[in-house]
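A.B. asks: Predicted coordinates and the sequence they were generated for:
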Amino acid sequence: MHPNSSTEGTEMVTAFIMIKANTGEADRLRSDIEAIEGVTSAHIVAGDVDIIAKATVDTPAAVKDIAATRIQGIDGVEGTQTYIAMD
């Protein structure tokens, strides 16, 4: 990896983050999650999780920062699972 290399032609990393929310917190959390840089959308869903967020960033490390640090740091988030898209 060259520190001065151009990012042109570099693949972006897309990840889907499954978020469990405390009861009644999904609406507020969705707004907080959508405000995070790199998060392109967040949807309240029915099923085993409460919110699914999509993030598009430059590196897998940025995905980890969003999911493990930013989202899990929001009061009302019980947990996350992150899936990185392979295509």
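C.D. replies: Right, received. Where do you want to start? Predicted model only: the values in this text are computed from it and were never measured.

A.B. asks: Buried residues, the longest helix seen in the chain. List them.
C.D. replies: Using DSSP state H, we find that the single longest helix of the chain is helix 26-34. Buried residues in helix 26-34, counting neighbours by 16 or more other C-beta atoms under 10 Å, are found at Ala26, Leu29, Arg30, Asp32, Ile33. For the C-beta atoms, the positions are set from N, CA and C on the backbone; glycine is no exception.

A.B. asks: Out of those, which is nearest to Phe16?
C.D. replies: Ile33 (12.4 Å; C-beta to C-beta).

A.B. asks: Which residues does the longest helix of the chain contact?
C.D. replies: In this structure, residues lying in contact with helix 26-34 by C-beta atoms under 8 Å, 6 or more residues apart in numbering are 19, 21, 39, 41-44, 50-51, 53, 71, 74, 76-77.

A.B. asks: Just to be sure, Arg70 is in a strand?
C.D. replies: No - remark: Arg70 does not belong to a strand; assigned using DSSP: H, G, I helix; E, B strand; the rest coil, it is helix.

A.B. asks: Disregarding residues adjacent in the polypeptide, which is nearest to Gln81?
C.D. replies: Counting by C-beta to C-beta, 6 or more residues apart in numbering, Gln81 lies nearest to Met18, which is 4.4 Å off, once chain neighbours are set aside.

A.B. asks: on that earlier part again, distance between the longest helix of the chain and the chain's centre?
C.D. replies: Mean-position distance between helix 26-34 and its chain equals 12 Å (C-alpha atoms, centre = their mean, to the nearest Å).

A.B. asks: Appreciated, that's everything.
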